[in-house]
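Trainee: Here is my input; please provide its structure:
(one chain, ligands or ions: 1)
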Amino acid sequence: MGQSDFLIEVEDLKKWFYPKQSLIGRRKAPLRAVDGISFSIKKGTSIGIAGESGCGKTTTGKLLLKLYDATEGSFKFDGVEMNSGMTKQELKDFRRKAQLMFQNPYEALNPRYTIYQSLQEPLIIHKYGTKEVRRKKIINMLEKVRLTPVESYLHKFPHQLSGGQLQRVVLARSLVVDPLFLVADEPVSMLDVSVRAGVLNLMREVTSTMGLTTVYISHDLSLIKYLCEETVIMYLGSIVEKGPTDKILFSPMHPYTMALISAVPSSDPDVELKELNINNSITSADNIPDGCKFQDRCPYAQEICFKQEPLLQKTKNDHFVACHFSEEIGGKQYENRLCSTRSYG
Ligand code: SF4
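Mentor: Below you'll find the model as predicted:
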């Protein structure tokens, strides 16, 4: 491992998609899926990236896994710049260290492969040990994800397992090559609610035991509250708020974060709901206005918001916010709001 305390360091990272020129020759505006984001992740910690669909969180995950090359900006993995000039071998080494946990366990596994074959495949690709060493590794991994007795699962096919069991296999497949970094994109959204807590508890335990650095991408703030030390809130390709999860979710300072928290249903009738209603029409990422990107939806927008883009700045509350009026708007009004919501604990 490198000397840096951080496994991931991202500086002004951008991913713009350029549409084809229209038939009349007019060049269309690029789609700014990720539009200059900066953050770092300490080794062995978990960070959550949240926001509505289209906010750029999944594209960010793909950039961190080098499934996309960045349009601009810097991305360092364990202190080493991951530029587009990496050799095939460097990229292959990186692919072993950085793994993706797929969202949909029903599509993530080859239906013609047994569970043993599915776990063996990445080990063969990365030339891991002898056949016997690989077998031991697979058995050990299935024990770690609590698919026991292991012998009863090894020769089953995906269609013979439940959704929760399949997602455990998907987790085992991601971790069998001993990665350093895991990106889990909506890891339980396709599962029945009754088995989600079990899978998340297992993920928390296994990633912690293995010392993994993990990024959870989710629209589910309860999941992020349960699993992540740090949280990043994204809107239209930009980070609007980031910092320690407790501070972000219990005392948000950006109106967009407040609206996301407002949208979480509460199961406790004693909790007073502080709703923040925002305009539901989302600005397109290929038609971003000057000034604050959230201006069309924000109930607090003032003249300056339409002219000047707010910078992400550290606040007195120890987190970073991109809003001209965060000190006036933010505060403690959402404290304990998520405490009463669905808990995975
Ligand atoms: Fe709302 Fe203005 Fe803050 Fe943007 S800068 S979130 S428009 S108050």
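Trainee: Which residue ranges of the protein form helices?
Mentor: Counting by DSSP state H, the chain has helices at residues 57-64, 88-97, 105-108, 115-125, 131-144, 151-154, 163-175, 193-209, 221-227, 245-250, 255-262, 326-329.
Trainee: Point out the one among these that comes closest to the ligand.
Mentor: helix 255-262 (4.8 Å; CB to the nearest ligand atom). Where you see a C-beta, it was placed from the backbone N, CA and C, and this is true even at glycine.
Trainee: Just the mean pLDDT for the closest one, thanks.
Mentor: When pLDDT is averaged along helix 255-262, the result is 90.
Trainee: What residues sit buried inside that helix?
Mentor: Pro255, Tyr256, Thr257, Met258, Ala259, Leu260, Ile261, Ser262 (16 or more other CB atoms under 10 Å).
Trainee: Identify the residues contacting Pro244.
Mentor: Residues counted as contacts of Pro244 (CB atoms under 8 Å, 6 or more residues apart in numbering) are Glu229, Glu230, Thr231, Asp318, His319.
Trainee: Tell me the residue of the stretch 101-250 of the chain that sits nearest the ligand?
Mentor: For the stretch 101-250 of the chain, CB to the nearest ligand atom, closest residue to the ligand: Val240, 7.3 Å.
Trainee: Name the nearest residue to Asp192, ignoring sequence neighbours.
Mentor: Leaving out its chain neighbours, the residue that sits closest to Asp192 by CB to CB, 6 or more residues apart in numbering is Gly163, at 6.1 Å.
Trainee: before we move on, the earlier item: any chance of the helices of the chain in CSV, with distance to the ligand too?
Mentor: Output for these, formatted as CSV (distance: least, CB to the nearest ligand atom, whole Å):
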stretch, distance to the ligand
helix 57-64, 19
helix 88-97, 37
helix 105-108, 37
helix 115-125, 43
helix 131-144, 44
helix 151-154, 50
helix 163-175, 36
helix 193-209, 31
helix 221-227, 18
helix 245-250, 15
helix 255-262, 5
helix 326-329, 6
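Trainee: For the ones you listed, give me JSON lines that also has distance to Val183.
Mentor: Below are those laid out as JSON lines (distance: least, CB to CB, whole Å):
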{"stretch": "helix 57-64", "distance to Val183": "5"}
{"stretch": "helix 88-97", "distance to Val183": "12"}
{"stretch": "helix 105-108", "distance to Val183": "13"}
{"stretch": "helix 115-125", "distance to Val183": "15"}
{"stretch": "helix 131-144", "distance to Val183": "19"}
{"stretch": "helix 151-154", "distance to Val183": "25"}
{"stretch": "helix 163-175", "distance to Val183": "9"}
{"stretch": "helix 193-209", "distance to Val183": "12"}
{"stretch": "helix 221-227", "distance to Val183": "13"}
{"stretch": "helix 245-250", "distance to Val183": "18"}
{"stretch": "helix 255-262", "distance to Val183": "21"}
{"stretch": "helix 326-329", "distance to Val183": "29"}
